[in-house]
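[1] Below is the sequence, then the predicted model.
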Amino acid sequence: MDLLHLWFAIASLFIIAILVSRHDHVRSSIRRELKHEITHYSPLDNKDASIDPYHIEPLLDFNWRTSPPLKFRNFKPKYHLTMGLTNTTFSELIQIDSNYLSRLSLRKQIIRDHHEIAIQARPSITPAVNELYTWLVGTYLPTRFPTLFTLTPTSLCNTATSLSLALTPPPDPVKTLEILGENLDEDFLLLLPSEDGDGYKLQGYVTCFPAGFNTLEKFGKKLRDIHAPVPGYKAKLEKSMDRFFERLEVGKVVLRSNWSITTHERLYAVGGGNHLYEGEVPDDEVVDINNTFLRCERQTLHRLPESKALVFAFKTYMYPIREIKEEGMSEELAMAIDGLKEGSVPEMMFYKRGVVWGDAVKEFLRK
């Protein structure tokens, strides 16, 4: 019996040694695996939006035909020139609504008729354009709008247009921007640090709906020079804007909106009709209220993770002035029109052509 007990004791110690050795091996393997996962961590692998800024929340029941355009009523009693930024999520980056197909048709026409003004790209912006395209086509659109975009191994199918987009961008960045401009109702401007290290320059864009400016004339310019015609920009915004663009972190996306009044319905508004500049004489225009609109832009800004380029995007909304009155917001807008000359930059009334349409629009709103 003593020998039998000794045998069991030895066998037990042997088994325990094997288990301890195996446990240590498993723990070591787990540590190696965790280390490997951390080293190769991709933000897109994390499904918690509070941790992963690139998490895209799918709109599983989205129907673009029944999705009304967003309504912006962002006018205030006094106009103060500020950045007016708020944080948003990458899920909210692109907006698609019931105007989708009609807007795409107009964008294709503008790109065809005004190609040089609508699209430009320097060779230096090619990696950023490709990065934006690949993420939008291969990840964002099919994830955010699965009922509209279907992903295949080689392409993205658009059920609204019956067109397919290649997952790989073409070699020419101009062509890549053309594809984005013809398939999304969003204008994109891409900026890179200036060669002299002082500020950011516009190095590529697709803009089908510029609000009174010629984007080609802004191409290759620094941010501060692009905004030079805006009253008060140099004194009140230039330094803070340059600092913000320099410090914007990867994974953060910010949102702002603006408003103006136009006495025409042109979305492609190059060559006047939206602004007045110092030294110009206002036209003696008879304002047609039936052709007068509140024009708003929903603007976003974010930094691409690989190229570190900044992507400024905007979607344009047009609301008939009659719609504002029917909503019962006549006095709010009338006060905001007066507030253009009572805020931090009184010259904004002239710049926004309020001296042309202001009295007529206020009379209509208040009668």
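    Noted; the coordinates are in hand.

[2] Which residues does stretch 163-176 contact?
    By Cβ atoms under 8 Å, 6 or more residues apart in numbering, the surrounding residues in contact with stretch 163-176 are 119-121, 123, 125-126, 129-130, 133-134, 137-138, 152, 154-158, 179, 183, 204. Every residue, glycine included, has its C-beta placed from N, CA and C.

[3] Roughly how far does the closest residue to residue 249 other than its chain neighbours sit from residue 272?
    Closest residue to residue 249 in three dimensions, ignoring its sequence neighbours and counting by Cβ to Cβ, 6 or more residues apart in numbering: residue 303, at 6.9 Å. Distance, residue 303 to residue 272, using Cβ to Cβ, to the nearest Å: 34 Å.

[4] just checking, residue 298 touches residue 72?
    Yes. If you go by Cβ atoms under 8 Å, residue 298 and residue 72 touch, sitting 6.8 Å apart.

[5] Which one of residue 303 and residue 272 is surrounded by more residues?
    Per other Cβ atoms under 10 Å, whichever of residue 303 and residue 272 has more neighbours is residue 303, with 19 against 14.

[6] correct me, but the more buried one touches residue 311?
    Yes. Under the criterion of Cβ under 8 Å, residue 303 makes contact with residue 311 at 7.4 Å.

[7] neighbour-wise, which of residue 298 and residue 72 wins?
    residue 298 (21 against 16).

[8] and that one, which of the three is it?
    Recorded secondary structure, residue 298: strand (DSSP: H, G, I helix; E, B strand; the rest coil).

[9] ok now do it, which residues does it touch?
    For residue 298, the contact set (Cβ under 8 Å, 6+ apart) comprises 70, 72, 95, 255, 257, 314-315, 317.

[10] What pLDDT does the model give it?
    Residue 298 is assigned a pLDDT of 98 by the prediction.

[11] Against residue 190, how distant is it?
    Here residue 298 is placed at a distance of 18 Å from residue 190 (Cβ to Cβ).

[12] and if you look at residue 159?
    Distance, residue 159 to residue 190, by Cβ to Cβ: 28 Å.

[13] who has more neighbours, these two?
    Using other Cβ under 10 Å as the criterion, residue 159 and residue 190 rank with residue 190 on top: 27 against 12.

[14] Excluding sequence neighbours, find me the nearest residue to that one.
    Counting by Cβ to Cβ, 6+ apart, residue 204 is the residue found nearest to residue 190 once chain neighbours are left out, at 4.4 Å.

[15] helix/strand/coil for the one you found?
    strand.

[16] what about it, distance to residue 105?
    24 Å.

[17] show me the contacts for residue 238.
    For residue 238, the contact set (Cβ under 8 Å, 6+ apart) comprises 224, 227.

[18] Likewise for residue 290?
    Per Cβ under 8 Å, 6+ apart, neighbours of residue 290: 320, 322.

[19] Can we start the residue count at 19 from this point?
    All right, first residue 19 from here; so that's residue 308.

[20] so it sits in a strand?
    No. Residue 308: not assigned to a strand; according to three-state DSSP it is helix.

[21] Number of residues surrounding residue 258?
    Using other Cβ under 10 Å, residue 258 has 11 other residues around it.

[22] wait, residue 261
    Residue 261 has 10 neighbours, counted by other Cβ under 10 Å.

[23] do residue 151 as well
    If you count neighbours by other Cβ under 10 Å, residue 151 ends up with 22.

[24] A helix includes it, no?
    Yes. Read with three-state DSSP, residue 151 is one of the residues of a helix.

[25] before we move on, the earlier item: how far away is the residue nearest to residue 267 from residue 72?
    In terms of Cβ to Cβ, residue 321 sits 12 Å off from residue 72.

[26] residue boundaries of the strands in the stretch 69-218 of the chain?
    Ranges of strands in the stretch 69-218 of the chain, per DSSP state E, counting those that start in this stretch, are 104-106, 137-139, 167-169, 173-176, 181-184, 205-211, 218-224.

[27] for these, which one sits closest to residue 342?
    strand 104-106 (22.8 Å; Cβ to Cβ).

[28] Contacts for that closest one, please.
    For strand 104-106, contacts defined as Cβ under 8 Å, 6+ apart pick out 270-274, 318.

[29] Tell me the neighbouring strands of that strand, and mark each as parallel or antiparallel.
    Note on strand 104-106: by DSSP bridges, its sheet partners are strand 271-280 (antiparallel).

[30] Is residue 168 bridged to anything, and to what?
    Residues in beta-bridge contact with residue 168 (DSSP bridges): residue 175.

[31] what pLDDT does it get?
    97.

[32] which residues touch it?
    Residue 168 makes contact with 160, 174-175, 177, according to Cβ under 8 Å, 6+ apart.

[33] now those in CSV, with pLDDT and distance to residue 232?
    Below are the contacts of residue 168 laid out as CSV (pLDDT from 0 to 100; distance: Cβ to Cβ, whole Å):
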residue, pLDDT, distance to residue 232
160, 98, 35
174, 98, 32
175, 98, 35
177, 97, 35
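
[34] buried subset of these?
    Buried members of these, counted by 16 or more other Cβ atoms under 10 Å: 160, 174.

[35] Kindly tell me how buried residue 110 is, as a neighbour count.
    Applying other Cβ under 10 Å, I find that residue 110 has 14 neighbouring residues.

[36] Please disregard the earlier target; I meant residue 302.
    Using other Cβ under 10 Å, residue 302 is surrounded by 6 other residues.

[37] Is it in a helix, a strand, or coil?
    With three-state DSSP as the basis, residue 302 sits in coil.

[38] Do you know the pLDDT at it?
    Predicted confidence (pLDDT) for residue 302: 86.

[39] what sits against the nearest residue to residue 94 once chain neighbours are set aside?
    Nearest non-adjacent residue to residue 94, counting by Cβ to Cβ, 6+ apart: residue 354, 6.0 Å away. Contact analysis of residue 354 by Cβ under 8 Å, 6+ apart lists 93-95, 97, 277.
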